[in-house]
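S.K.: just the structure for this:
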Amino acid sequence: MKLNCDLGESFGCWTMGLDAQVMPHIDQANIACGFHGGDPLVMQKTLELAKKHQVSVGAHPGYPDLVGFGRRSLNCSQEEIIAMVKYQVAAIDGVAKSLGVALEYVKPHGALYNDMMAKANVREAILVALSSYHKPLKLMLQATPYIDEHKAQAKIFNIDILSEAFADRCYDDDGKLLSRTQEGAVHNREKMLAQVKQLKEHGSVTTISGNTLNLAADSLCVHGDNIEGVQAIEAIRELIG
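M.R.: Sure, this is the predicted structure:
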C-alpha cells in the first residue's frame with residue numbers, strides 16, 4: 001500500500017504543511033494547483049522536492065476558493081467543473097514537464113472531492129475533464145463499498161481509478177468518513193496506527209459502531225501539517241514497509 005499526502009498548499013507568505021519533512025516518507029504527492037492553495041513558486045518548489053525524493057506526482061485541483069481553502073462547496077455547472085479541472089491540471093502538468101517530472105494522476109481537494117464522492121454528476125464532470133485531456137491520467141478517489149460502481153463509471157471514460165483509505169479518520173457504517181462534528185471523527189495516534197495495521201493485514205477498518213468494513217485501497221492518505229503528523233507518517237511508513 002502506498003502513502004499519499006496533500007502538499008504544496010502554501011500561498012504567498014502563508015505557510016501550510018511541513019512539505020520538506022513529509023516528502024521523504026511518502027510515495028505520492030497531491031500538489032495544489034492554485035485555486036484553493038498554492039501559487040506558481042510553491043508549485044515549482046514542491047515539484048522539485050518530489051523529483052528529488054522520487055515521489056509520484058498528482059494534481060490536487062479544488063474549487064476557486066482561496067479564502068475558504070476550497071472547503072466550501074460551490075454550485076458549479078458540469079461545464080464549469082470540466083473547465084476548472086482542466087485548467088488546474090494543465091497548469092501543474094506544464095510546470096512538471098518543464099522540470100522533467102511526469103504528472104500521473106488527479107486527486108480533487110476538499111469540497112470538490114466530497115462532492116465528487118456524493119454526486120454522480122460532479123464525478124462525471126471530473127471524468128470528462130480527464131478523458132478529454134491530452135494524455136491519460138488516473139483519478140484518485142475514496143475506497144468505499146461502492147468502489148466497483150465508481151470504477152464502472154470511470155471505465156466508460158477510459159479512466160483508471162486509484163482508491164484511497166484514510167489513516168487518521170474514523171469511518172461510519174456506510175463507508176463514509178465520520179463527520180468532524182462528531183466525537184471520535186479523528187483518531188489519536190494509537191487508533192490511527194491500529195487502523196493502518198488492520199488495513200494492511202486484513203483490508204478492512206472498524207467503523208464507529210464496531211462493525212468491520214472491507215476496503216480495497218491502493219493508497220493511504222496521511223496528513224503532515226504539524227510535527228506530530230510528520231512523526232505519525234514516519235511510524236506509518238515503518239509499519240507498512
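
S.K.: and the longest helix seen in the chain, which residues are buried?
M.R.: Longest helix of the chain, by residue count under DSSP state H: helix 78-98. For helix 78-98, burial by neighbour count (16 or more other CB atoms under 10 Å) applies to I81, I82, M84, V85, K86, Q88, V89, A91, I92, D93, V95, A96. Where C-beta positions appear, they are placed from N, C-alpha and C, glycine not excepted.

S.K.: ranges for the strands of the chain?
M.R.: 2-7, 28-32, 56-60, 103-106, 138-142, 161-166, 204-206, 212-214, 219-222 (DSSP state E).

S.K.: can you list the residues that contact the fourth one?
M.R.: Strand 103-106 is contacted from outside by 28, 56-61, 85, 89, 92-93, 96-97, 126, 130, 137-140, 162, using CB atoms under 8 Å, 6 or more residues apart in numbering.

S.K.: partners of it in the sheet?
M.R.: strand 56-60 (parallel), strand 138-142 (parallel) (DSSP bridges).

S.K.: can you add mean pLDDT and mean neighbour count and give the ones you listed back as a markdown table?
M.R.: What follows is these, written out as a markdown table (pLDDT from 0 to 100; neighbours: other CB atoms under 10 Å):
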| stretch | mean pLDDT | mean neighbour count |
| --- | --- | --- |
| strand 56-60 | 98 | 25 |
| strand 138-142 | 97 | 22 |
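
S.K.: I'd like those as TSV, with distance to L178 appended.
M.R.: Shown next, in TSV, are the strands paired with strand 103-106 (distance: least, CB to CB, whole Å):
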stretch	distance to L178
strand 56-60	23
strand 138-142	13
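
S.K.: out of the ones you listed, nearest to T46?
M.R.: With CB to CB as the measure, strand 56-60 is the member of the strands paired with strand 103-106 nearest T46 (8.7 Å).
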